[in-house]
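A.B. asks: Starting from these lines, generate the structure:
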Amino acid sequence: MNILLLGSGGREHALAWKIAASPLLTKLWCAPGNAGIAREAECVALDIANHPAVIDFCKSNAVDLVVVGPETPLAAGIVDDLAKAGIKAFGPGKQAAQLECSKGFTKALCTEFNIPTGAYGRFTTADDALAYVRAQGAPIVVKADGLAAGKGVVVAKTLVEAEAAIAMMFDGAFGSAGTEVVIEEFLAGREISFFALCDGETAIPLASAQDHKRVFDHDEGPNTGGMGAYSPTPFVTAEIHDQIMARIILPTVAGMKQRGAPFRGVLYAGVMLTEQGPKLFEYNVRFGDPECQVLMLRMMSDIVPAFLAACDGELKHFDLRWYPEPALTVVMAAKGYPGDYKKGTCIEGLDDAAKIEGVEIFHAGTAAKDGAIIANGGRVLNVCAMGKTVTEARERAYQAVDRIDWPDGFCRRDIAWQAVEQERG
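C.D. replies: Numbers count the residues shown, from 1 in each chain. Next comes the predicted model:
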């Protein structure tokens, strides 16, 4: 099969690495790709926002399957446009992508189909939003309704923080994403990531994971796209797993089908494990980044047939197998991220770091220049490792981090601290 992968981040490098291992693959392209993806696929300078150009490329290169990595092209309806051109694509159509593109859409779906989530309000003016938070009190969560690259969520511990977040969003900090704001109840508990592969009717669970959103150790500092993750998480027991499938994932898939917007692709549920049971706090309509990296390391099955089964409505006959060993990833980011950071700094020592047993390094924001690897984004590298325990995987990942010579980078040093504490007993 000829496959085209869209995207340029760490998630896409992990997907390229996994797709490249499939015996079904003839040729893999990635648009636009990065310096690490170039080892697995032929990178092509396609503007993925230009749907006719993507369609032309697929036709002239006899592409059999397009795999869409990031959310922005999904929100723009690329899967619908490819389907109209007779090209198979993995990912939800524009209507179904609203589960991520509109926080309000998801909240309304939860209300309609009785999916457990926090209480909320939707607002189009700052005055109404301010009145609501003052009535509710803090802590409270303020979200830009639309896509804001994982940064449009403020967990306000005080009313002053909530008021500032509302002002920022309505002042256009996130552009059109903030023209509507969703304010929701602060859910106390443990946050986990849960993934399911869906074909519009059937959903099969992928492995659980735990992400680390805050930029600094001890969950300090602003939210980011994710600073590290590990899988599986010990906090998703068999019982909790079944509850999430029965109360959150399956009612969502049934609800979307009922609404005439069947969901095909990867459904990523951000779930809070509260005292009242699992509650949904957000949906994403693609693999998480950096959770995808640890899922790909742990997936024993070939991923290409899984993508095809999701596209073709065949998941009810499908099963995925996983390696039992845990996988962990540490994100190395450019100093200053998620604020202003410098591009073009040189990274050395990657080959040496990759020699450590169980280690795999996925590139996120990198580029190649004059034979060197340079930083070209905020989150730059995913240093991943597998081990017999989470503790061993973590030790290997940080050993690899310490071999990477990049003075302009930083990382969190406490990824998977909750699981490591539990292993220590």
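
A.B. asks: Check what pLDDT the spatially most central residue of the chain gets.
C.D. replies: Here the mean C-alpha position of the chain is nearest to the C-alpha of Gly288 (CA atoms, centre = their mean), at a distance of 1.6 Å. Listed pLDDT for Gly288 reads 93.

A.B. asks: do the one 4 residues further on as well
C.D. replies: Here the pLDDT value assigned to Cys292 is 97.

A.B. asks: Also Ala149?
C.D. replies: If you check Ala149, the pLDDT there is 68.

A.B. asks: in the protein, which ranges drop under the pLDDT threshold?
C.D. replies: 149-151 (pLDDT under 70).

A.B. asks: Got the domain ranges for it?
C.D. replies: Annotated domains of the chain cover 2-93, 125-179, 190-312, 327-424 [the TED database].

A.B. asks: Arg321 is nearest to which of those domains?
C.D. replies: Nearest of these to Arg321, taken as CB to CB: domain 190-312 at 4.2 Å. For every residue, glycine as well, the C-beta is placed using N, CA and C.

A.B. asks: Does the residue nearest to the centre of the chain touch Gly225 like I think?
C.D. replies: No - checked against CB atoms under 8 Å, the pair Gly288 and Gly225 is beyond contact range at 9.2 Å.

A.B. asks: Need the nearest residue in space to Ala416, chain neighbours excluded.
C.D. replies: Distances taken as CB to CB, 6 or more residues apart in numbering place Tyr230 nearest to Ala416, at 4.3 Å, with adjacent residues excluded.

A.B. asks: The one you found looks like it's in a strand, true?
C.D. replies: Yes - membership of Tyr230 in a strand is supported by DSSP: H, G, I helix; E, B strand; the rest coil.

A.B. asks: And it, how close does it get to Val330?
C.D. replies: Distance, Tyr230 to Val330, by CB to CB, to the nearest Å: 10 Å.

A.B. asks: Please report how far Val285 lies from Ala372.
C.D. replies: With the distance defined as CB to CB, Val285 ends up 36 Å from Ala372.

A.B. asks: Which of those two has more residues huddled nearby?
C.D. replies: For the pair Val285 and Ala372, the greater number of neighbours falls to Val285 (24 against 11), based on other CB atoms under 10 Å.

A.B. asks: That one contacts Glu71, correct?
C.D. replies: Yes - counting by CB under 8 Å, Val285 does reach Glu71; the two are 6.2 Å apart.

A.B. asks: Overlap of the contact sets of those two?
C.D. replies: By the contact definition CB atoms under 8 Å, 6 or more residues apart in numbering, Val285 and Glu71 are jointly contacted by Ala97, Glu100, Cys101.

A.B. asks: Now, the residues you listed that are in helices?
C.D. replies: Glu100, Cys101 (DSSP state H).

A.B. asks: Out of the shared contacts of Val285 and Glu71, who's the most crowded?
C.D. replies: Ala97 (31 neighbours).

A.B. asks: now that residue: how far from Thr72?
C.D. replies: Distance, Ala97 to Thr72, using CB to CB: 10 Å.

A.B. asks: just Leu6 next, same as before
C.D. replies: 10 Å.

A.B. asks: Tell me which of the two has more neighbours.
C.D. replies: Leu6 (25 against 18).

A.B. asks: so what's that one up against?
C.D. replies: With contact set as CB under 8 Å, 6+ apart, Leu6 has these partners: Glu12, Cys30, Ala31, Ile48, Val54, Val66, Val67, Val68, Gly69, Pro70, Pro73, Ile78.

A.B. asks: Which residues does the helix or strand in which Ile204 is found contact?
C.D. replies: Taking DSSP states H and E as the definition, Ile204 sits inside strand 203-205. Here strand 203-205 makes contact (CB under 8 Å, 6+ apart) with 194-197, 241, 245, 249-250, 253, 267, 315, 318-320.

A.B. asks: distance between that strand and the chain's centre?
C.D. replies: For strand 203-205, the separation from the chain centroid amounts to 17 Å (computed by CA atoms, centre = their mean, to the nearest Å).

A.B. asks: Pull out the buried residues from it.
C.D. replies: Of the residues in strand 203-205, Ala203, Ile204, Pro205 count as buried by neighbour count, 16 or more other CB atoms under 10 Å.

A.B. asks: Same check on stretch 413-425?
C.D. replies: Neighbour-count burial for stretch 413-425 [16+ other CB under 10 Å]: Asp414, Ile415, Ala416, Trp417, Gln418, Ala419, Val420.

A.B. asks: go on, stretch 287-302?
C.D. replies: Going by neighbour count (16+ other CB under 10 Å), the buried part of stretch 287-302 is 287-299, 302.

A.B. asks: which residues in the stretch 301-425 of the chain form helices?
C.D. replies: Per DSSP state H, counting those that start in this stretch, the stretch 301-425 of the chain carries helices over the ranges 303-312, 350-353, 390-403, 417-424.

A.B. asks: Relative to Ala188, which of these is closest?
C.D. replies: helix 417-424 (15.0 Å).

A.B. asks: From what I see, Val153 and Asp145 are in contact.
C.D. replies: No - judged on CB under 8 Å, Val153 makes no contact with Asp145 at a distance of 11.1 Å.

A.B. asks: And those two? Which one has more around it.
C.D. replies: Set Val153 next to Asp145 and count neighbours by other CB under 10 Å: Asp145 wins out with 25 against 19.

A.B. asks: do you know how far the nearest residue to that one once chain neighbours are set aside is from Ala75?
C.D. replies: Leaving aside its chain neighbours, Asp145 sits nearest to Glu180 (3.9 Å; criterion: CB to CB, 6+ apart). Distance, Glu180 to Ala75, using CB to CB: 15 Å.

A.B. asks: now swap in Trp417 and tell me
C.D. replies: 34 Å.

A.B. asks: for Asn114, same thing?
C.D. replies: As for Asn114, its distance to Ala75 is 26 Å (criterion: CB to CB).

A.B. asks: out of the two, which sits in the more crowded spot?
C.D. replies: Neighbour count, other CB under 10 Å: between Asn114 and Ala75, Ala75 has more, with 18 against 10.

A.B. asks: surely that one meets Ala97?
C.D. replies: Yes - counting by CB under 8 Å, Ala97 is a contact partner of Ala75 at 5.1 Å.

A.B. asks: intersection of neighbour lists for those two?
C.D. replies: Common neighbours of Ala75 and Ala97 (CB under 8 Å, 6+ apart) do not exist.

A.B. asks: ok, Glu184 - how many residues close by?
C.D. replies: Glu184 has 21 neighbours, counted by other CB under 10 Å.
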